[in-house]
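Q: Pasting a predicted model and its sequence here:
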Amino acid sequence: MRFAVSPLWEVVASYRLLRSAAAHRVHRRWAEQVGARVTAAGLDGGWLAELFAHPGYAPDFLNPAPSGPAPTLAEELAVLTVTPADRVRRDLDHLARHQGPLGPRLRALHADPPARLDRLAAEIEAYWQLALAPYWARIRAVLDADLFHRARQVAERGAGQVLDDLHESLSWDGARLRLRGRKQSLARRRTGPGLVLVPVAFGGDRVRSRVAPPDPPQLAYPTRGSGTLWEPRPTADGAALAAVLGRSRTRLLIELDTPASTTELAHRTGLSAAAVSQYLTALRAAGLVSAHRAGRWVLYARTAAGETLLAASG
C-alpha cells in the first residue's frame, strides 16, 4: 500500500466539477476565477468536454497509476499518450454505454488512439496551465498535509486504521476492504500488485476507484482540509519585507494570494503595466513567483517559497 499525489486526478476531478450544475460549495471561489478563462480559451467544448459529458463514469486510461509518490503532470501525460489502443477503445465503449453515442473527437480517438492521444494530452496541458498550475502551491500544501497525517496514523496505529479512517464509505475488517456503493467485488488475484491511495483536493465527498490490471488498483479519496483551500489568507502589512524587497515588489507578492495577470495586478495596485511586468520578472527570477501561459493568458502566482517568505515576515 502506498500514497501518491496525482496531477491527472486533480485535472479529471476539477474539470468535472467545473462542468457540473451543482453549486461549488468548497471550490466556488476557484470556479468563479477559472470558469471564464476556461471558456475564453475554448476548453469548455473540446476533448475534455466530450470525455466528461456524463457525470458518472470517467475513462480509466485518464488516470494511469502514479509511478512514484508525486509524479509531475508531464510524467503522467507521457504514460497517458502511450496507453494501449485496446484499453482506450474498451474505456470509450464503456463510456458510450453510460452516456450514449460518442462525440466526434471521441469517435476519432476510438478509431485511432495513437494518432489522437497527443492532442488530448495537449488540451489537458492547456487546461492545467489555466486552471491548476497557478494554484498548485496552495493545493499541494493541502495534499501534503493530508499525507503527513496519514503517515503519522500508520506509525502510531497501523495501516489498517488508515484504511478504516479514509472515508465513511470505506471499511477494513482485517481481511477485506469494503467500498460501499461499488457494484462489483474485486478479488486480489485479479488485480495488479499493491494498492495506491490518492488524496484529491477536488474529489468532492466520495471515493472513486480505478481498477485496470496490470496496474495496481487506485482509490482516490477526498483530502482532509480541502474546506480551507480557498479561504483568504491573513494579509500581512509587508513593512518588514518591503525593507528587503522594496514596497512595490512586496505589494505584488501580497496581491498574488489570488493568481492574476499583469493587467489585473496593475489595476489592483495602481502601478503601470510596464512596472508590474518588471517587478514580476525580478520576483520570478528569485523563485518567489511563477508564470503560467495558456494561449493568450499568462497568470502569475506565488510559489511555495513566496508563501514561506510572507509567513516568515509576519
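A: Thanks, I have it.
Q: Quick check: phi and psi at S313.
A: Note on S313: backbone dihedrals following degrees, to the nearest 10 are phi -90, psi 0.
Q: Just the local confidence number for it, please.
A: Predicted confidence (pLDDT) for S313: 79.
Q: Can you tell me what sits against the longest helix along the chain?
A: Using DSSP state H to define each element, the chain has its longest helix at helix 136-157. Here helix 136-157 makes contact (CB atoms under 8 Å, 6 or more residues apart in numbering) with 3, 5, 7, 10, 132, 161-162, 165, 197, 199, 201, 223-226, 228-229, 290, 301-304, 306-307. Where C-beta positions appear, they are placed from N, C-alpha and C, glycine not excepted.
Q: Buried by neighbour count, from the residues you listed: which ones?
A: The neighbour-count test (16 or more other CB atoms under 10 Å) marks 3, 5, 7, 10, 132, 162, 197, 199, 201, 223-224, 226, 229, 290, 301-304, 306-307 as buried among the contacts of helix 136-157.
Q: In strands, which of these fall?
A: 3, 197, 199, 290, 301-302 (DSSP state E).
Q: Make CSV out of these and add distance to R89 and pLDDT.
A: Formatted as CSV, those follow (distance: CB to CB, whole Å; pLDDT from 0 to 100):
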residue, distance to R89, pLDDT
F3, 31, 94
L197, 29, 94
P199, 31, 95
S290, 38, 91
A301, 38, 89
R302, 43, 88
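Q: Tell me the one among those nearest to R178.
A: Nearest to R178 out of those is L197 (CB to CB; 15.2 Å).
Q: Tell me who's in contact with that closest one.
A: 1-4, 150, 166, 218-219, 221.
Q: That one and P213, how far apart?
A: Counting by CB to CB, to the nearest Å, the gap from L197 to P213 is 18 Å.
Q: now L280
A: Distance of L280 to P213, given as CB to CB: 48 Å.
Q: Relative to the whole chain's centre, how far out is stretch 215-231?
A: Here stretch 215-231 is found 10 Å from its chain centre; the criterion is CA atoms, centre = their mean, to the nearest Å.
Q: what's the answer for stretch 292-309, then?
A: 15 Å.
Q: mind checking the end-to-end distance for that stretch?
A: With CA to CA, to the nearest Å as the measure, the first residue of stretch 292-309 is 21 Å from its last.
Q: Please work out which residues outside that stretch touch it.
A: 37, 40-41, 126-127, 129-130, 133-138, 140-141, 241, 253, 256-257, 259-262, 265, 280, 283-284, 287-291, 310.
Q: Apply 7 Å and report the result again.
A: 37, 41, 126, 129-130, 133-135, 137, 241, 253, 256, 259-261, 280, 287-291 (CB atoms under 7 Å, 6 or more residues apart in numbering).
Q: Now do the contacts for H98.
A: H98 neighbours (CB under 7 Å, 6+ apart): 54, 56-57.
Q: Sitting in helices, which of these do you find?
A: Going by DSSP H, the helices hold none of the contacts of H98.
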